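# I would like the atomic coordinates for the input below:
(one chain, ligands or ions: 1)
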Amino acid sequence: MCGNGSNANGAKGANGTKASGGAFRTNPYQPVGDYLSNVANFKIIESTLREGEQFANAYFDTETKIKMLALDAFGVDYIEVTSPAASEQSRKDCEAICKLGLKAKILTHVRCDMRDARIAVETGVDGLDVVIGTSSLLREHSHGKDMAYIEKTAIEVIEYVKSKGLEVRFSSEDSFRSDLVDLLSLYKAVDKVGVNRVGIADTVGCASPRQVYDLVRTLRGVVSCDIETHFHDDTGCSIANAFCALEAGATHIDTSVLGIGERNGITPLGGLLARMVVTSPEYVKSKYKLTMLKEIEDMVAEAVEVNTPFNNPITGFCAFTHKAGIHAKAILNNPSTYEILNPADFGLTRYVHFASRLTGWNAVKTRVGQLGLVMTDDQVKECTAKIKAMADVRPIAIDDADSIIRSFHLTLHEVAPTEAQAPVTA
Ligand SMILES: [Zn+2]
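Modelled structure (predicted):
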């Protein structure tokens, strides 16, 4: 895979050619073709069982970890687990997961150190993600090693892991605050000895999308192996950074469910796929079982005792709720008017909000139909006026709006029971 320029989906990735050729561009939101871009040909390294275990609220017992392997059925390419060198139970869990025969490859994340590497290769994992800090801050205040030592150790570890027939990634930590020349010469050296992937990690969440694009693009010209990227979300750029990394030629993205991880976490799996399904619908829909997303997020949210944020892409409680009258009318005519994502792709349904003073009669008309009632358009408009009048006085719930509709309907029939009109449902 490495050293010959034919990385799985890097510089010679088929996607760019297709996109620039135009023949495969079925979607107007796809970026203009770029032969380095991997937006329609990327792999996910799912790290809920490693990065996610570093989340403040996370304590994953063996049973919880096994449940989270639903990620395998979801379709992620890799599942990364905590280093077996971390604790005796971590080692046992790693071994147990490796024995399950999952489709996803199992990786473990270890320090760039021969002792850790020796423990890891004995667990049955498919590969090791090796990491070491390269910023001057980390070199001075964390491990205290210089670049020459880092390079020598990295090569030793990589050659050892490869001699065992396993996949190996070498990543710097805090890449965006590391010296560029140091970084590139280190990556070049590990690429030369046949590392499968090099990793760029925005460990502190400081990078902007443009910085990411520039660094990945530069690195793409220096190494021929795959490029993995890892983005923390401290400044809210983790999804945008992942997207720009793919545009610049990165091949692998690290994610966790709901983004859980150290501090406020990393690129969330669901948020990344929301972004990617818009850009590359065929690729994402054929590869991932998107209808499982909500149950996986719910399971992880419960395990770490958090709620799914209201503004979470796809699964936030109001992600497919339309409220303003003008939106509701258009959505009822054609959902694409105000939806870039189709809730049905994720096994979800849209909801047209009709219990507010912003509602329009089209939304109320739909609700009348859902309640199995019959009204003319004029009657629906009259009923809508009553809902708005009540909603001007106080916030109203769905039940309130429903009872206004029902009692209005009742009065119609009390007055003129024979004048019932044809059903208004579409
Ligand atoms: Zn991290």
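# residue ranges in this protein under the pLDDT threshold?
Low-confidence segments of the chain (pLDDT under 70): 1-33, 415-426.
# domains in it, as residue ranges please.
11-20+37-303, 321-412 (automatic domain parsing).
# what ranges do the strands span in the stretch 151-300 of the chain?
Per DSSP state E, counting those that start in this stretch, the stretch 151-300 of the chain carries strands over the ranges 167-173, 197-202, 226-231, 252-255.
# what angle sits between the longest one and strand 226-231?
In this structure, strand 167-173 runs at an angle of 40 degrees to strand 226-231, with axes from the mean of the first three to the mean of the last three CA atoms, to 10 degrees as the basis.
# centre of the chain to strand 167-173, how far?
Centroid separation between strand 167-173 and its chain, computed with CA atoms, centre = their mean, to the nearest Å, is 21 Å.
# same check, this time on the shortest one
Per CA atoms, centre = their mean, the displacement of strand 252-255 from the mean C-alpha position of its chain is 9 Å.
# CA atoms of stretch 273-287 as PDB?
Output of stretch 273-287 as PDB, limited to C-alpha atoms (Å, rounded to 0.1, in the frame of the first residue of the first chain):
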ATOM      1  CA  LEU A 273     -21.700  11.900   8.000                       C
ATOM      2  CA  ALA A 274     -24.300  14.700   7.800                       C
ATOM      3  CA  ARG A 275     -21.600  16.800   6.100                       C
ATOM      4  CA  MET A 276     -20.400  13.900   3.900                       C
ATOM      5  CA  VAL A 277     -23.900  12.600   2.800                       C
ATOM      6  CA  VAL A 278     -24.600  16.000   1.300                       C
ATOM      7  CA  THR A 279     -21.300  16.000  -0.600                       C
ATOM      8  CA  SER A 280     -21.100  12.300  -1.500                       C
ATOM      9  CA  PRO A 281     -24.600  10.800  -1.200                       C
ATOM     10  CA  GLU A 282     -24.000   7.600  -3.100                       C
ATOM     11  CA  TYR A 283     -20.700   6.800  -1.300                       C
ATOM     12  CA  VAL A 284     -22.100   7.500   2.200                       C
ATOM     13  CA  LYS A 285     -25.500   5.800   1.700                       C
ATOM     14  CA  SER A 286     -24.000   2.700   0.200                       C
ATOM     15  CA  LYS A 287     -21.300   2.300   2.800                       C
END
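# buried residues in stretch 312-328?
Burial within stretch 312-328, assessed by neighbour count using 16 or more other CB atoms under 10 Å, is assigned to 312, 313, 314, 315, 319, 320, 322, 323, 324, 325, 327, 328. Heads up, the C-betas are built off the backbone N, CA and C, glycines and all.
# so the last one makes contact with residue 359?
Yes: the pair residue 328 / residue 359 is scored as a contact, 6.9 Å apart, by CB atoms under 8 Å.
# any common contacting residues for these two?
Listed as contacting both residue 328 and residue 359 by CB atoms under 8 Å, 6 or more residues apart in numbering are residue 353.
# quick one: the residue nearest the centre of the chain and residue 84, what's the gap?
By CA atoms, centre = their mean, the chain has its centre lying nearest to residue 269, at 2.2 Å. Residue 269 sits 24 Å away from residue 84, going by CB to CB, to the nearest Å.
# just give the nearest non-adjacent residue to residue 196, would you?
The shortest distance from residue 196 to any non-neighbouring residue, by CB to CB, 6 or more residues apart in numbering, is to residue 167 (4.9 Å).
# same thing with residue 392?
Using CB to CB, 6+ apart, the nearest residue to residue 392 is residue 357, at 5.3 Å.
# for that neighbour, give me its contacts.
387, 388, 391, 392.
# close enough to count as contact, the residue nearest to the centre of the chain and residue 44?
Yes: with contact defined as CB under 8 Å, residue 269 reaches residue 44; the gap is 7.1 Å.
# overlap of the contact sets of those two?
Joint contacts of residue 269 and residue 44 (CB under 8 Å, 6+ apart) are 76, 255.
# I'd assumed residue 330 was in contact with residue 352.
No: with contacts counted by CB under 8 Å, residue 352 stays clear of residue 330, the gap being 10.5 Å.
# more neighbours: which of the two?
residue 352 (23 against 18; other CB atoms under 10 Å).
# for residue 44, which three-state class applies?
Look at residue 44: counting by DSSP: H, G, I helix; E, B strand; the rest coil, its state is strand.
# show me where the stretch 51-200 of the chain has helices.
Ranges of helices in the stretch 51-200 of the chain, per DSSP state H, counting those that start in this stretch, are 62-67, 70-74, 88-98, 114-121, 136-141, 147-163, 180-192.
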